[in-house]
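*Asks:* I would like to see how this sequence folds:
(2 chains)
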2 protein chains.
Amino acid sequence: MSRVLYDLCGIDEALRFSPYCWRVRYALAHKGLDVETRPWRFSEKQALAFANHDKVPVLVDGETVVADSYEILRYLDRAYPEAPLLGDSMADARGRFLAHYSERSLAPAILRIIIMDLLNAIHPDDREYFRETREKRFGRSLEEVHSPVRGLSQLDTALEPLRARLGEASYLDGEVPGGADYIVFGKFMWARCVSSADLVSNADPVHAWLERMLDLYGGLGRQATRITDIEGAYR
Amino acid sequence: MSRVLYDLCGIDEALRFSPYCWRVRYALAHKGLDVETRPWRFSEKQALAFANHDKVPVLVDGETVVADSYEILRYLDRAYPEAPLLGDSMADARGRFLAHYSERSLAPAILRIIIMDLLNAIHPDDREYFRETREKRFGRSLEEVHSPVRGLSQLDTALEPLRARLGEASYLDGEVPGGADYIVFGKFMWARCVSSADLVSNADPVHAWLERMLDLYGGLGRQATRITDIEGAYR
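*Replies:* Predicted coordinates:
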């Protein structure tokens, strides 16, 4: 059976930096499922028309098409019940909170640090689209969002609950990683792929967790192409 | 079988404001279990010696003694498996994250708003102990922690993931309230009992959730004595 993931790419086809696609890559690896990732750019809306969706990730699993990273994780639990990602309804409800935490607490802080790196990592044909949609969403220019010092301070505060949890357990989901880990970790892969900024100090329990996450599944995250791996791309 | 909860009281025996005790009060009500709450003050360490613990909540359930609010919720799920509070190991792991979020993201912000009200609500015999232990913990005086404007701004940011979750579901745990709701809500009961400060605007989904939480179990939270109910106590 063929399994295809439409996966955002940047200035180079090998540069895959979508935090939502990284959730799915890890979720598939967690289930032991192979996947062919198909590079996709923001401007290629037409390529996703078959899914009635205009953003990645979109997973095509045999006859089934699923869009939205959280829905894809739910689908994977239904279709492949071994090794749950989101778990039962109570675990899933709390997983939703983690997704909102990742989106509303971590991402805005990280974005202030990496936004100019992110723009640089995006394919030149996509930059105008990216600038336009994001400036509309943020209500200010990308240059105004850019503020690494404030971003790092904001991130330090936002990381508090993550830090406390990772001070008592190896993974957010306990002794083995689960959906909550992948949901949150996606944001760190996003930053790692487009930027060389250090987001977390070596002494932080979050740092040790990031290292463990990078090593999972044969170094899935660690082996991912970063902007710094692409000659002449990092400015 | 007798069931007793040692419950922090303040300037009046009826004033019960511990966020951790409120978690347990709601958890017991969720399970449909009656309880006798026994007022306890910070200075009465000796009264908890039987539990090898020096803080409330301490629950005595027949022959069983359990301290620490999270451990009490776990105990209640083991002893009374109907209507789970924390759920299976994956749900519990994420419940721990919610507990850390409540402790590290919400509480510091709320504290900046209510700390002088909190001191005022504490029994006069306990105030020296409270000041000494908290100033040591915070590394600054209570007066320096007190900063309602900054606290409200910090709380507004910290509430983001809660707001997003409560924009999509009636309760953190889904269509019915669960352990995650009680864990977080305890912090709001803490503030409500000692202060008249408005923490959340009427238009916020968090506000509607707080109203629902106050109404649960026959108005358990809404009927709780507040400092403003005690003649001459609120300054």
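*Asks:* If residue A:67 is in a bridge, with which residues?
*Replies:* residue A:58 (DSSP bridges).
*Asks:* contacting residues for it?
*Replies:* By Cβ atoms under 8 Å, 6 or more residues apart in numbering or on different chains, the contact set of residue A:67 is A:48, A:51, A:52, A:53, A:55, A:57, A:58, A:59. All C-beta atoms are positioned from the backbone trio N, CA, C, and that covers glycine.
*Asks:* Test for you: state the pLDDT assigned to it.
*Replies:* pLDDT for residue A:67: 97.
*Asks:* same check, this time on residue A:35
*Replies:* So, for residue A:35, pLDDT stands at 98.
*Asks:* now swap in the one 3 residues further on and tell me
*Replies:* Turning to residue A:38, the model gives it a pLDDT of 97.
*Asks:* ok, it - contacts?
*Replies:* Residue A:38 touches A:4, A:5, A:6, A:7, counting by Cβ under 8 Å, 6+ apart.
*Asks:* Out of those residues, which end up buried?
*Replies:* Buried members of the contacts of residue A:38, counted by 16 or more other Cβ atoms under 10 Å in any protein chain shown: A:5, A:6, A:7.
*Asks:* Centre of the chain to the helix or strand hosting the first one, how far?
*Replies:* The reference is to residue A:5. Taking DSSP states H and E as the definition, residue A:5 sits inside strand A:3-8. Mean-position distance between strand A:3-8 and its chain equals 14 Å (Cα atoms, centre = their mean, to the nearest Å).
*Asks:* outside of the helix or strand just after that strand, which residues touch it?
*Replies:* Sequence-wise, the next helix or strand downstream of strand A:3-8 (DSSP H and E) is helix A:19-30. Residues from elsewhere that reach helix A:19-30 (Cβ under 8 Å, 6+ apart): A:3, A:5, A:7-8, A:16, A:34-35, A:37, A:55-57, A:59, A:68-69, A:72-73, A:76, A:83, A:85, A:102, A:107, A:177-179, A:181-183, A:185-187, A:189-190, A:213, A:216-217, A:220-221.
*Asks:* near chain B, which of these show up?
*Replies:* Among the contacts of helix A:19-30, proximity to chain B is found for residue A:178 (Cβ under 8 Å from any Cβ of the partner chain).
*Asks:* circling back: can you redo the contacts of residue A:38 as CSV, where the extra columns are pLDDT?
*Replies:* Shown next, in CSV, are the contacts of residue A:38 (pLDDT from 0 to 100):
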residue, pLDDT
A:4, 98
A:5, 98
A:6, 98
A:7, 98
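*Asks:* Could you list the domains of chain A?
*Replies:* Using automatic domain parsing, the domains assigned to chain A come out as A:3-79, A:89-229.
*Asks:* Reformat those domains as JSON lines; add distance to residue B:172.
*Replies:* Formatted as JSON lines, the domains of chain A follow (distance: least, Cβ to Cβ, whole Å):
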{"stretch": "domain A:3-79", "distance to residue B:172": "16"}
{"stretch": "domain A:89-229", "distance to residue B:172": "6"}
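*Asks:* Tell me which of the ones you listed lies nearest to residue B:130.
*Replies:* Nearest to residue B:130, of all those, is domain A:89-229, at 23.2 Å by Cβ to Cβ.
*Asks:* How far does that closest one stretch from one end to the other?
*Replies:* 41 Å (Cα to Cα, to the nearest Å).
*Asks:* quick revisit: just the closest of the contacts of residue A:38 to chain B, please.
*Replies:* residue A:5 (24.2 Å; Cβ to the nearest Cβ).
*Asks:* got the contact list for the closest one?
*Replies:* Residues near residue A:5 by Cβ under 8 Å, 6+ apart: A:21, A:24-25, A:28, A:35-38, A:56-60.
*Asks:* hmm, try it at 6 Å
*Replies:* A:35, A:37, A:57, A:59 (Cβ atoms under 6 Å, 6 or more residues apart in numbering or on different chains).
*Asks:* CA atoms only for the helix or strand hosting residue A:111, dumped as PDB, please.
*Replies:* Using DSSP H and E, residue A:111 sits within helix A:107-121. Extracted C-alpha coordinates of helix A:107-121, given in PDB (Å, rounded to 0.1, in the frame of the first residue of the first chain):
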ATOM      1  CA  ALA A 107       5.400  29.300  18.800                       C
ATOM      2  CA  PRO A 108       5.000  33.100  19.200                       C
ATOM      3  CA  ALA A 109       8.100  33.200  21.300                       C
ATOM      4  CA  ILE A 110      10.200  31.000  18.900                       C
ATOM      5  CA  LEU A 111       8.900  33.000  16.000                       C
ATOM      6  CA  ARG A 112      10.300  36.300  17.400                       C
ATOM      7  CA  ILE A 113      13.700  34.600  17.400                       C
ATOM      8  CA  ILE A 114      13.600  32.800  14.000                       C
ATOM      9  CA  ILE A 115      11.300  34.800  11.800                       C
ATOM     10  CA  MET A 116      13.900  36.300   9.500                       C
ATOM     11  CA  ASP A 117      15.700  33.000   9.300                       C
ATOM     12  CA  LEU A 118      12.400  31.400   8.400                       C
ATOM     13  CA  LEU A 119      11.800  33.900   5.600                       C
ATOM     14  CA  ASN A 120      15.300  33.200   4.300                       C
ATOM     15  CA  ALA A 121      14.700  29.400   4.400                       C
END
